[in-house]
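K.L.:
Coordinates for the following, if possible.
(chains A and B)
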There are 2 protein chains.
Amino acid sequence: MSVIDQLSQELSRFPGIGPKTAIRLVYHLMKRPKEEARRLSHAIRDLADRIRPCRQCGSYSEADLCEICSDPGRDGSIICVVEEAFEVGAIERTGQYKGYYHVLGGHLSPLDGIGPDELNLKRLLDRISNSEGGVSEIIVATNASVEGEATAVYLENVVRSLGPRVTRLARGIPVGSDLEYVDGNTIAEALSGRREM
Amino acid sequence: MSVIDQLSQELSRFPGIGPKTAIRLVYHLMKRPKEEARRLSHAIRDLADRIRPCRQCGSYSEADLCEICSDPGRDGSIICVVEEAFEVGAIERTGQYKGYYHVLGGHLSPLDGIGPDELNLKRLLDRISNSEGGVSEIIVATNASVEGEATAVYLENVVRSLGPRVTRLARGIPVGSDLEYVDGNTIAEALSGRREM
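P.N.:
This next block holds a predicted model:
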């Protein structure tokens, strides 16, 4: 196989990159200075060599503990539980949350053979049980999908018995949306979760 | 800069990959076995190390001469001129063309400072002048854009004086199209280029 075909094949493994896009990317790379391709190659190798799961929260990290877990200035009484590591970034960017995180690495999905043992769950229960200052709240920030909801309900059951209150992100009308275009389930959630003005 | 940011930045240099897509690709790569990232890294390095322009046609090649230029079984009397190397593949896949190719590496675009000297043009004229069996036809397969047309007209002028006839790809209704959705310029070209049935 030619080096061009080889690279196209590797690139088309990415989600959202089909064979035609892959070929287009390869040709783009060939038009650019070789130094650019070498930098990309190094950056990918560095990623493979240096990134590992954070020992505490399961997020990606270059060290044994990730930047957030190794920050003593955060609020140790709250842990926000997300499905995937990149969702930590989405919450961090709001600048509104100062607690710690825990990354499950997915959601419960019995049909795909993903049960509680396949998720990074035991480590979460250990964190709650062994916390020095005590964990008072678990914010469940799983996705608003069927699997995410099922995972949230499961989490609530196993976590509540250990002590902390369990909350979840509010459901409602996205900021900036026209009511006309919001689906009925979301409006129903927004109604039942309505707040005093 | 973290290795994650570094790789996102490199990936977002690709056309059609913005910062958000880049981050998504990086996280996808981190979820996959490390071996996959290493294979991708190697494939990119191989591309940078082994691909160079074909000495004759300017297409990409792993050898001094590309596969097509080094194939003695093709028709040496015809050269098809394309703007970019990946367009060679598009024509090859039709299986309808048995001549050789020449890759200009772009199109004339005075506003961007791309004149005849910036294209792989002199080599084409040399090929025509120095051909052993003689070149009888140049097929101009530049894009059907304003710049592609301008490049075609320029090519016609400089090539015709050397002897070969100069043809270009037919303009017309794309196969499988409803006339209703074809733009007026294309219909006009299809009309003026109509053929006996």
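
K.L.:
What residues does residue A:124 make contact with?
P.N.:
Residues near residue A:124 by Cβ atoms under 8 Å, 6 or more residues apart in numbering or on different chains: A:79, A:81, A:102, A:104, A:159. All C-beta atoms are positioned from the backbone trio N, CA, C, and that covers glycine.

K.L.:
List the contacts of residue A:99.
P.N.:
Residue A:99 is in contact with A:74-80, A:137, A:139, counting by Cβ under 8 Å, 6+ apart.

K.L.:
Packing partners of the longest helix seen in chain A?
P.N.:
Counting by DSSP state H, the longest helix found in chain A is helix A:34-50. When contacts are defined as 3 or more Cβ pairs under 8 Å, 6 or more residues apart in numbering or on different chains; DSSP states H and E, helix A:34-50 sits against helix A:19-31, helix B:3-11, helix B:19-31, helix B:34-50.

K.L.:
10 Å instead, please
P.N.:
helix A:19-31, strand A:60-61, helix B:3-11, helix B:19-31, helix B:34-50 (3 or more Cβ pairs under 10 Å, 6 or more residues apart in numbering or on different chains; DSSP states H and E).

K.L.:
Tell me which of those sits most buried.
P.N.:
strand A:60-61 (a mean of 23; mean count of other Cβ atoms under 10 Å in any protein chain shown).

K.L.:
Just checking: what are the partner strands of that strand?
P.N.:
When pairs are called by DSSP bridges, strand A:60-61 turns out to pair with strand A:52-53 (antiparallel).

K.L.:
So residue A:100 belongs to a strand, correct?
P.N.:
Yes. Counting by DSSP: H, G, I helix; E, B strand; the rest coil, residue A:100 is found in a strand.

K.L.:
how far away is it from residue A:159?
P.N.:
Separation of residue A:100 from residue A:159 (Cβ to Cβ, to the nearest Å): 14 Å.

K.L.:
Could you say which one of the helices and strands packed on helix A:34-50 comes nearest to residue B:64?
P.N.:
Within the helices and strands packed on helix A:34-50, the stretch nearest residue B:64 is helix B:34-50; the backing value is 12.1 Å (Cβ to Cβ).

K.L.:
What separation do you get for residue A:164 and residue A:99?
P.N.:
Counting by Cβ to Cβ - residue A:164 and residue A:99 are separated by 11 Å.

K.L.:
Oops, could you answer that again for residue A:34 instead?
P.N.:
46 Å.

K.L.:
sorry, back to before: what's the mean pLDDT across the longest helix of chain A?
P.N.:
Helix A:34-50 comes out with an average pLDDT of 94.

K.L.:
Residue A:146 is in contact with residue A:111, correct?
P.N.:
No. If you go by Cβ atoms under 10 Å, residue A:111 and residue A:146 don't touch, sitting 11.0 Å apart.
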